[in-house]
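>>> Starting from these lines, generate the structure:
(one chain, ligands or ions: 1)
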Amino acid sequence: MRILSVVGARPQFVKLAPIASALQGKADHLIAHTGQHYDELMSDVFFQDLGIPTPAFNLAVGSGRHGQQTAAMLTGLEEVLDQSQPDWVLVYGDTNSTLAAAVAAVKMHIPVAHLEAGLRSFNRRMPEEHNRVLTDHAADLLLAPTKVAMKHLASEGLAERSVLVGDVMTDVLYLTRDSVTAKQEELPLGLNSGDYYVSTIHRPDNTDDSARLAAIVAQLSNLEKPVLLLAHPRLRTLAEKHGIALNQGSLQSIDPLAYPQLVNAVQNSAGVVTDSGGLQKEAFLLRVPCTTIRPETEWVETVELGWNTLVSADLSRLGAAVTRPIPAATDATPYGSGQAAQKVASVLLEGTDRF
Ligand code: UD1
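Numbering: from 1, shown residues only. Purely as a prediction, here's the structure:
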């Protein structure tokens, strides 16, 4: 059986790693990289560190407005699908690369499986929310990470196409945690374990408006411990444009980290402040308190279990949220036990007949 994984952005490379290893020797697995993320630190280092095979196709579409970027991917992917003739196209998460691959494949009558199906923020300002909903409704097989995701799919009439597989990011996080813990690497900027926060900010709703971005940066720079800000290119570009310094007060910004170094930095931190979906969950799995600068989250389990707090409209609450007492310990495993990729592989290998 031939399976074509289509990826393009940083969080998708992380999800691809356990899938590529679960499919090794069991299927002819090809990878197409759309080139949505192209900087070495946003792309190549993930393939190297996570041992992901080199993509068979690279469309190098680069940046652009949503329509332009998605259209370039659609055009390129049609050609890739024509050449590779896969039995399944596997798409990941919620980026423009996900939507483009789903639309290209469904039009060519090639079965599409969507990994991380059923996540919803119910916030229609987020480009990722459009991408998720449209991809789920186009796809033939919906691979859901959580029971909550399964419920969302059922309420949209998609129960018959849905399978609960667990969360593949949990698989890769546990493996990486074990290897970085054994290595005991140094922390960036000579920071001391337990004595700093890790932060990432990149969502358009937080970066595009200069007053909002300035307010977030001001709050972070006033925290009582150093804040290691891992600056996404979108953040750097917009901060520069708005004249906002990313190194001030407690704030110390560096380039994005490779995945093992990110896990090491989060694991040793006193807390995480972010608007990333993946990082909220990684903080929970490493049992590090998280504060999320968004009005809602797709990973509601992290909030219900007390390890994640949302701060959005009233940013003056940020300091108190970040320094809140450590949440109650929990042994809940809402994201599975680290075996999700094996489950994905066995569902895909069952074939496309029942879909
Ligand atoms: C994308 C995804 C988002 C995901 C995020 C992870 C969409 C709509 N959004 O957002 O779901 O959480 O990736 O990082 O698909 N840039 C670079 N170098 C790169 C990549 C991007 O400089 O390697 C710059 C581009 O110039 C662009 C900006 O970052 O202006 C945004 O890139 P884009 O891929 O459009 O979206 P992200 O904000 O990264």
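>>> give me every residue that touches Gln280.
Contacts for Gln280 were tallied using Cβ atoms under 8 Å, 6 or more residues apart in numbering; they are 272, 274, 290, 292, 297, 299, 302, 308. For every residue, glycine as well, the C-beta is placed using N, CA and C.
>>> Also Gln85?
The neighbours of Gln85, taking Cβ under 8 Å, 6+ apart as the test, are Arg2.
>>> Among the contacts of Gln280, which are located in strands?
272, 274, 290, 292, 308 (DSSP state E).
>>> Just the closest of the residues you listed to the ligand, please.
Minimum separation from the ligand among the ones in strands among the contacts of Gln280 (Cβ to the nearest ligand atom) is found for Thr274, which lies at 10.9 Å.
>>> and the helix or strand containing Asp82, what does it pack onto?
Taking DSSP states H and E as the criterion, Asp82 maps to helix 66-84. Contacts defined by 3 or more Cβ pairs under 8 Å, 6 or more residues apart in numbering; DSSP states H and E place helix 66-84 against strand 2-7, strand 28-33, strand 57-58, helix 96-107.
>>> Let me have these in TSV, adding mean neighbour count, mean pLDDT and distance to Asp178 as columns.
Below are those laid out as TSV (neighbours: other Cβ atoms under 10 Å; pLDDT from 0 to 100; distance: least, Cβ to Cβ, whole Å):
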stretch	mean neighbour count	mean pLDDT	distance to Asp178
strand 2-7	25	98	24
strand 28-33	22	98	25
strand 57-58	18	98	31
helix 96-107	24	98	29
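>>> Which of the ones you listed sits closest to Leu285?
With respect to Leu285, and counting by Cβ to Cβ, the nearest of the helices and strands packed on helix 66-84 is strand 2-7 at 21.7 Å.
>>> Could you identify the helix or strand that succeeds the closest one?
helix 10-23.
>>> quick one, that following helix and helix 96-107 angle?
Angle of helix 10-23 versus helix 96-107, following axes from the mean of the first three to the mean of the last three Cα atoms, to 10 degrees, is 60 degrees.
>>> Ser346: what's it in contact with?
With contacts taken as Cβ under 8 Å, 6+ apart, Ser346 has no neighbouring residues.
>>> what about it, distance to Met1?
The gap separating Ser346 from Met1 is 12 Å, by Cβ to Cβ, to the nearest Å.
>>> Kindly report the same for Asp205.
The gap separating Asp205 from Met1 is 41 Å, by Cβ to Cβ.
>>> Sticking with Val89, tell me its helix or strand.
Val89 is part of strand 88-92 when elements are defined by DSSP H and E.
>>> What strands flank that strand, and is each parallel or antiparallel?
Using DSSP bridges, strand 88-92 pairs in its sheet with strand 2-7 (parallel), strand 112-115 (parallel).
>>> which residues are contacting the last one?
Identification of contacts with strand 112-115 by Cβ under 8 Å, 6+ apart yields 15, 19, 88-93, 98, 101-102, 105-106, 135-136, 138-143, 165, 168, 344, 347-348.
>>> quick one on the thing from earlier: so which bits of the helix holding Asp82 are buried?
Of the residues in helix 66-84, 69-70, 72-74, 76-78, 80-81, 84 count as buried by neighbour count, 16 or more other Cβ atoms under 10 Å.
>>> how much does that helix deviate in direction from strand 88-92?
With the same axes, to 10 degrees defining the directions, helix 66-84 sits at 150 degrees from strand 88-92.
>>> who touches helix 66-84?
Where contact means Cβ under 8 Å, 6+ apart, the residues beyond helix 66-84 that reach it are 2, 4, 6, 8, 30, 32, 34, 36, 56-57, 59, 61-64, 89, 96-97, 99-101, 103-105, 107-108, 110, 127.
>>> what do you get for stretch 234-253?
Residues outside stretch 234-253 that contact it (Cβ under 8 Å, 6+ apart) are 189, 201-202, 204, 207-208, 210, 213-214, 217, 220-231.
>>> Can you give me the buried ones in that stretch?
Along stretch 234-253, these residues count as buried under the neighbour rule (16+ other Cβ under 10 Å): 234-236, 238-239, 242, 244, 246, 250-253.
>>> List, out of those, those positioned next to the ligand.
Checked against the ligand using Cβ under 6 Å from any ligand atom, the buried residues of stretch 234-253 give the following subset in range: Arg234.
>>> Can you pick out the most distant pair from the buried residues of stretch 234-253?
Greatest spatial distance in those: Arg234 and Ser250, 22.0 Å, computed using Cβ to Cβ.
>>> So Thr330 is in contact with Glu304, correct?
No: in terms of Cβ atoms under 8 Å, Thr330 does not count as a neighbour of Glu304; the distance is 10.0 Å.
>>> sorry, back to before: quick one: mean pLDDT over the strand holding Val89.
Across strand 88-92, pLDDT averages out at 98.
>>> Same question for stretch 9-16.
When the per-residue pLDDT values of stretch 9-16 are averaged, the result is 98.
>>> Is the ligand within reach of it?
Yes: Stretch 9-16 comes into contact with the ligand (Cβ under 6 Å from any ligand atom), by way of 9-11.
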